[in-house]
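Colleague: got a structure for you, letters missing:
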């Protein structure tokens, strides 16, 4: 991270200044401010990160420590702050807004690292994310966001056929319910519950939970993208296109999976050239996202471009060697069986078994 020198920053010490003015004068987007107070043999340090362009608080933490070794204490807290801020800013740039819902800093750090691993969308990264969310839960058994994250990793295992355990989806559903029970105002908990309902083929319940997530966080792009995905499987792709485009408007630095979901919606609507454009952009952004290659294979197959379809199937199998037509039939939650059969026929034409 580019950080302004302490000499420049300290000119504001003890002065009543507006964070927005600091941002303009120093040419920075974020300002970290706080205080240090000592009481006998203890020290309390508060820190908060502010977006100078909007004067909005992004993150805050309080550290209470015994003042036994001041220099070691300083190093520890600096490391904690830098690690957390780098993750917060990385996730924010990817469109993930993180609300701290635990007072256990170690659990919170594990959760943030879990989200970062989840974004890589590989089997190994997903397994690492699962371990990190499990660690967060062990440290704070009431941490709703960690249960939501853990549920998401299991749903992904189920969809990508990385797990052959028939109980994987049910465990994802139970964890999503747990997250909602701990904090029903958490939009992320409602999103993973919607995801689990979707793959249990309970489409109306999935749509209801996804709409609840959007109501709870009307400026969260992820909620609209999730609702769009569910409507794709519910046979309403034109509505899905509008919702996913709204997600990209709310988050102009939208992640690759929005493009993949948009490509799927275009394909379901029979708009294959538009589907190809969105899906090709998605694979450039993340070559390891299975869904993009799957829907590219389908679109190429429907257009009669068989060689390109087979190339995408090869990429699909590189990412998930266990992927099969039978597995696809088992996990893809289309409301209309005819839509599922159309997909299967297109995939058979590519030589996938």
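Modeller: Received, thanks. Predicted model only: the values in this text are computed from it and were never measured.

Colleague: ok, and what's touching whichever strand or helix holds residue 38?
Modeller: Assigned by DSSP states H and E, residue 38 belongs to strand 30-39. The contact list for strand 30-39 (C-beta atoms under 8 Å, 6 or more residues apart in numbering) reads 19, 22-23, 43-52, 58, 67, 81, 85, 89. C-beta here means a position set from N, CA and C on the backbone, and glycine is covered the same way.

Colleague: Check which element follows that strand along the chain.
Modeller: Assigned by DSSP H and E, the successor of strand 30-39 is strand 42-51.

Colleague: buried stuff in that following strand?
Modeller: 43, 45, 47, 49, 50, 51 (16 or more other C-beta atoms under 10 Å).

Colleague: And for stretch 116-125?
Modeller: 116, 117, 118, 119, 121, 122, 123, 125.

Colleague: element containing the first one, please.
Modeller: Following DSSP H and E, the helix or strand that holds residue 116 is helix 105-118.

Colleague: Buried residues in that helix, which are they?
Modeller: 107, 108, 109, 110, 111, 112, 113, 114, 115, 116, 117, 118.

Colleague: now the buried residues of stretch 116-125 as a markdown table including pLDDT and distance to residue 297?
Modeller: Shown next, in a markdown table, are the buried residues of stretch 116-125 (pLDDT from 0 to 100; distance: C-beta to C-beta, whole Å):
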| residue | pLDDT | distance to residue 297 |
| --- | --- | --- |
| 116 | 90 | 29 |
| 117 | 93 | 27 |
| 118 | 91 | 24 |
| 119 | 85 | 23 |
| 121 | 82 | 17 |
| 122 | 90 | 19 |
| 123 | 91 | 19 |
| 125 | 95 | 23 |
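
Colleague: Taking the residues you listed, tell me the two that lie furthest apart.
Modeller: Greatest spatial distance among the buried residues of stretch 116-125 (C-beta to C-beta): 116 and 123, at 16.2 Å.

Colleague: contacting residues around residue 153?
Modeller: Counted by C-beta under 8 Å, 6+ apart, residue 153 has contacts 118, 126, 127, 129, 130, 133.

Colleague: Mind giving me the PyMOL command for buried ones among those residues?
Modeller: Applying 16+ other C-beta under 10 Å to these, the buried members can be selected in PyMOL as follows:
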select buried, resi 118+126+129+130+133
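
Colleague: Nearest to residue 333 among the contacts of residue 153?
Modeller: Distances from residue 333 to the contacts of residue 153, taken by C-beta to C-beta, are shortest for residue 126, at 19.3 Å.

Colleague: now the one helix or strand that closest one maps to, how far from the centre of its chain.
Modeller: For residue 126, the host element (DSSP H and E) is helix 123-139. Centroid displacement of helix 123-139 relative to its chain, using C-alpha atoms, centre = their mean, to the nearest Å, is 14 Å.

Colleague: Give me the angle between that helix and helix 105-118.
Modeller: 160 degrees (axes from the mean of the first three to the mean of the last three C-alpha atoms, to 10 degrees).

Colleague: Need the mean per-residue confidence for the next helix or strand after helix 123-139.
Modeller: Downstream of helix 123-139, the first helix or strand assigned by DSSP H and E is helix 144-159. The average of the pLDDT scores along helix 144-159 is 95.

Colleague: Next: stretch 162-176.
Modeller: 91.

Colleague: again, but for stretch 282-300
Modeller: Mean predicted confidence for stretch 282-300 is 94.

Colleague: Show me which residues of it are buried.
Modeller: Buried residues in stretch 282-300, counted by 16+ other C-beta under 10 Å: 282-283, 285-286, 288-300.

Colleague: what about that stretch, distance to the chain center?
Modeller: 18 Å.

Colleague: what's the closest of the buried residues of strand 42-51 to residue 77?
Modeller: residue 45 (5.9 Å).

Colleague: hang on, isn't residue 339 packed against residue 237?
Modeller: No - the pair residue 339 / residue 237 is not scored as a contact, 9.8 Å apart, by C-beta atoms under 8 Å.

Colleague: who touches both of the two?
Modeller: The contact lists of residue 339 and residue 237 share residue 268, where a contact means C-beta under 8 Å, 6+ apart.

Colleague: Neighbour count: these two, which is higher?
Modeller: Taking other C-beta atoms under 10 Å, residue 339 and residue 237 do not tie; residue 237 has more neighbours (21 against 16).

Colleague: ok, now which ones touch that one?
Modeller: Going by C-beta under 8 Å, 6+ apart, residue 237 touches 231, 264, 265, 266, 268, 269.

Colleague: Low-confidence stretches in this structure?
Modeller: 1, 95, 97 (pLDDT under 70).

Colleague: so how far is the longest helix along it off the chain centroid?
Modeller: Of all segments of type helix in the chain, defined using DSSP state H, the longest is helix 70-93. Once both centres are worked out by C-alpha atoms, centre = their mean, helix 70-93 turns out to sit 21 Å from its chain's centre.

Colleague: Many thanks, I have nothing further to ask.
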